[in-house]
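> sequence first, then the predicted structure:
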Amino acid sequence: MHDVMPQTPVDPADFRKLMGQFATGVCVVSARHDGRISGITVNSLVSVSLDPMLICWSIQNTSSQFDLWTQAESFAVSILAEGQDKLASRYAARGDTGQKDDDFTQSGLTQPVIRDGLAYLDCRKWSLYPAGDHTMIFGEVTGIKQTVDGRPLGFFGGEFCRIAD
């Protein structure tokens, strides 16, 4: 049997910095609520299952939009393209004061989606799971649409980036 050495606790700032070295894509989750369009930038999108088709994203429990998104029965996910970094920044801001209806189109899906995104998923809320200081939101995919060929917007080291060929 090996002696187990006590580990030094991990500093949250160090953990955040390390996880920033994991490149992700960037998307905007959107929905119509009470006649208004709401959107939020996420880079936590995960494909979970094919049967049923499920995706997952997470929202910080202290987000000003937490209640809106955890109570939404359906939503869309727009996968952003290179060059949409300013738009991603606008929907990453606290609240929804910078949101513009002109950023969205209906695109044949049930929820509004970001204009000129690479692809879209229409989703119905499947379930919510608490996960520390975030809540994971699972959605069942009810529709998809590939729109344009292009490069995705990436996020790495705390900044938007290009994803090379």
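Yes, it's here.

> from now on I want contacts and neighbour counts done on CA atoms only, so please keep to that.
Will do.

> geometric centre of this protein: which residue is closest?
residue 42 (2.7 Å; Cα atoms, centre = their mean).

> surely it and residue 30 touch.
No. Using Cα atoms under 8 Å, residue 42 is not in contact with residue 30, being 10.6 Å away.

> what's the pLDDT at residue 125?
We note a pLDDT of 97 for residue 125 in this prediction.

> on contacts alone, who are the packing partners of the host helix or strand of it?
Element membership of residue 125, judged by DSSP states H and E, is strand 119-131. Contact partners of strand 119-131 among helices and strands, from 3 or more Cα pairs under 8 Å, 6 or more residues apart in numbering; DSSP states H and E: strand 74-79, strand 134-146.

> out of the ones you listed, the one nearest residue 20 is which?
Closest to residue 20 of the helices and strands packed on strand 119-131 is strand 134-146 (Cα to Cα; 17.0 Å).

> and the closest one, how far out from the chain middle?
Offset of strand 134-146 from its chain centre (Cα atoms, centre = their mean, to the nearest Å): 10 Å.

> that one pairs with which strands, parallel or anti?
Sheet pairing for strand 134-146, assigned by DSSP bridges, gives strand 53-60 (antiparallel), strand 119-131 (antiparallel).

> got the buried residues for it?
Across strand 134-146, burial judged by 16 or more other Cα atoms under 10 Å covers 134-141.

> which residues are contacting the strand holding residue 125?
54, 70, 72-80, 109-111, 113, 135-148 (Cα atoms under 8 Å, 6 or more residues apart in numbering).

> how about the strands in this protein?
Ranges of strands in the chain, per DSSP state E, are 24-25, 27-33, 36-42, 46-50, 53-60, 74-79, 104-105, 113-114, 119-131, 134-146, 153-156, 159-162.

> dump the residue contacts of the closest residue in space to the residue nearest to the centre of the chain that isn't next to it in sequence.
In space, and not counting its chain neighbours, residue 42 is closest to residue 27: 5.5 Å by Cα to Cα, 6 or more residues apart in numbering. Contact analysis of residue 27 by Cα under 8 Å, 6+ apart lists 41-43, 45, 77-80, 88.

> low-confidence ranges, the protein, go.
1-6, 95-98 (pLDDT under 70).
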